[in-house]
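**Student:** Predicted model and sequence below, questions to follow.
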Amino acid sequence: MSSPTVSTVTISYAELKDRSVDISDKIELGFGSNGLGIVSISDVPGYVSLRKNLLRLTPRLASLPEEVKMQLEDANSRYNIGWSHGKEKLESGKQDLLKGSFYANPIIDVPTTEIALVQRYPSYCGPNIWPRDALPELELTFKTLGKLILDVGLLLANHCDRYAFETHGDGSLERILVRSRCHKGRLLYYYPSNRIGEDDSMSSWCGWHTDHGSLTGLTCAMFTKNGVELPCPDSGAGLYVKTRSGQIVKVVYGEDEIAYQIGETTEILSGGKLCATPHCVRAPRGEAAFGVERSTFALFMQPDWDEKLFFPEVVNVHEFIRPNGSISFGDYTEKVLDKYYDDPKT
Ligand SMILES: O=C(O)CCC(=O)C(=O)O
Ligand SMILES: [Fe+2]
């Protein structure tokens, strides 16, 4: 049975940036109990060309010689800085082999110089690794788009606060995100899935999961073949989400829009009022899909490693992590990474 295709609730940038306008009805429609858990923002100045500039670099990055990509790897951060391919196991132990990623903090190159912190929270505290010789344009393009998606996401966080966090005082999502040093950009490259009929599942490109940060900003993906842009040959390919009522739907939004979905720490901080959005990515199928690649960019907006998370009574995400009192976001992340990667830290 095929899943329905649904468009995101769209909020214009002009509406979003005016703090005096109450857009709680749209937040409710998109993020509330009957929503998809994803909304998109249209008409963000400068966004369209920045998206194209960055996504066009992705196939080039993925096709760099293996030894160059190896120099961009950081095993110490469990491949959460620099290049990562085939390391992550999102869905019940299944490795995502068709997905290559490049991770960096677009705001701060060196979050700290304290060695103890780098050892404790290597995925956030280690320095960025840029391909300054092999692909020098990447750094500025990645940082500029990451910063723009963060700025727009902070405006959205302010409206989420009005809707769900009013009583939390200094625990407001916007303020937590403003003071964080942990935001992480991820440039994603999906390798062509040329094994016709082999993996027909919905999560053939990226396994089902929820993001563990607060809000994830997402560009609309770009499809290419041998690096040349083309329309996606299979309307069933792309991002799927599971709604709070348990329905699985394919989600679409415009190339000129930035989508934002809810991560686990927003669910925790909002006491369950805003739920993390389970999602996966399906590869195109059929002969026309041969050689088709997908590139996209995600910005994980997340609390600082030091930020304390207090779990509410009821929470759907990672029951095994529930602390007795509170847990720092940095420790929470390490526990999540223990689940998704081999070689847990001891
Ligand atoms: O490729 C996408 O559209 C989503 C990627 C994703 O879910 C992630 O990186 O966490
Ligand atoms: Fe995700």
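**Tutor:** Received it, and whenever you're ready, just let me know what you need. Ligands and ions are numbered 1, 2, ... in the order given.
**Student:** Can you pull the phi/psi pair for Leu50?
**Tutor:** phi -60, psi -40 (degrees, to the nearest 10).
**Student:** What of Ser180?
**Tutor:** Main-chain torsions, Ser180, degrees, to the nearest 10: phi -80, psi 150.
**Student:** List the contacts of it.
**Tutor:** Contacts for Ser180 were tallied using C-beta atoms under 8 Å, 6 or more residues apart in numbering; they are 301-304, 307. Backbone N, C-alpha and C define where each C-beta goes, glycine included.
**Student:** where are the low-confidence patches of the chain?
**Tutor:** Applying pLDDT under 70 to the chain flags residues 1, 91-94, 165-171, 195-199, 313-324, 342-346.
**Student:** Packing partners of the top strand by length along it?
**Tutor:** In the chain, assigned by DSSP state E, the strand with the most residues is strand 292-301. Here strand 292-301 touches helix 47-55, helix 58-62, helix 137-160, strand 184-190, strand 215-218, strand 222-225, going by 3 or more C-beta pairs under 8 Å, 6 or more residues apart in numbering; DSSP states H and E.
**Student:** Relative to the whole chain's centre, how far out is the fourth one?
**Tutor:** In terms of C-alpha atoms, centre = their mean, to the nearest Å, the gap separating the centre of strand 184-190 from the centre of its chain is 8 Å.
**Student:** Compute the inter-axis angle for it and helix 47-55.
**Tutor:** On the basis of axes from the mean of the first three to the mean of the last three C-alpha atoms, to 10 degrees, strand 184-190 is oriented at 70 degrees to helix 47-55.
**Student:** Output strand 184-190 as CSV - backbone C-alpha positions only.
**Tutor:** Output of strand 184-190 as CSV, limited to C-alpha atoms (Å, rounded to 0.1, in the frame of the first residue of the first chain):
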residue,chain,number,x,y,z
LYS,A,184,25.9,20.8,13.7
GLY,A,185,25.6,20.9,10.0
ARG,A,186,25.5,17.7,8.0
LEU,A,187,25.9,17.7,4.2
LEU,A,188,24.4,14.4,3.0
TYR,A,189,25.1,12.5,-0.2
TYR,A,190,23.0,9.5,-1.1
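**Student:** burial count for the residue in the stretch 101-250 of the chain positioned nearest to ligand 1?
**Tutor:** Using C-beta to the nearest ligand atom, the single residue of the stretch 101-250 of the chain nearest to ligand 1 is Leu239, 4.6 Å away. Per other C-beta atoms under 10 Å, the neighbour tally for Leu239 reads 22.
**Student:** Which residues are in contact with it?
**Tutor:** 218, 221, 250-251, 279-281.
**Student:** Let's have those in TSV, adding neighbour count and secondary structure.
**Tutor:** As requested, the contacts of Leu239 are arranged in TSV below (neighbours: other C-beta atoms under 10 Å; DSSP: H, G, I helix; E, B strand; the rest coil):
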residue	neighbour count	secondary structure
Leu218	24	strand
Ala221	22	coil
Lys250	18	strand
Val251	23	strand
His279	24	strand
Cys280	21	strand
Val281	23	strand
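**Student:** Filtering those residues by proximity to ligand 1, which remain?
**Tutor:** By C-beta under 6 Å from any ligand atom, the members of the contacts of Leu239 lying near ligand 1 are 218, 221, 279, 281.
**Student:** Make TSV out of these and add distance to Glu287.
**Tutor:** Output for these, formatted as TSV (distance: C-beta to C-beta, whole Å):
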residue	distance to Glu287
Leu218	29
Ala221	21
His279	27
Val281	21
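**Student:** What residues does the stretch 201-346 of the chain have near ligand 1?
**Tutor:** 206, 211, 218, 221, 239, 279, 281, 296, 298.
**Student:** now, the most widely separated pair of the residues you listed?
**Tutor:** Asp211 and Ala221 (16.2 Å; C-beta to C-beta).
**Student:** hang on, the earlier thing: what sits opposite the residue of the stretch 101-250 of the chain closest to ligand 1 in the beta ladder?
**Tutor:** Going by DSSP bridges, Leu239 is paired in beta bridges with Val281.
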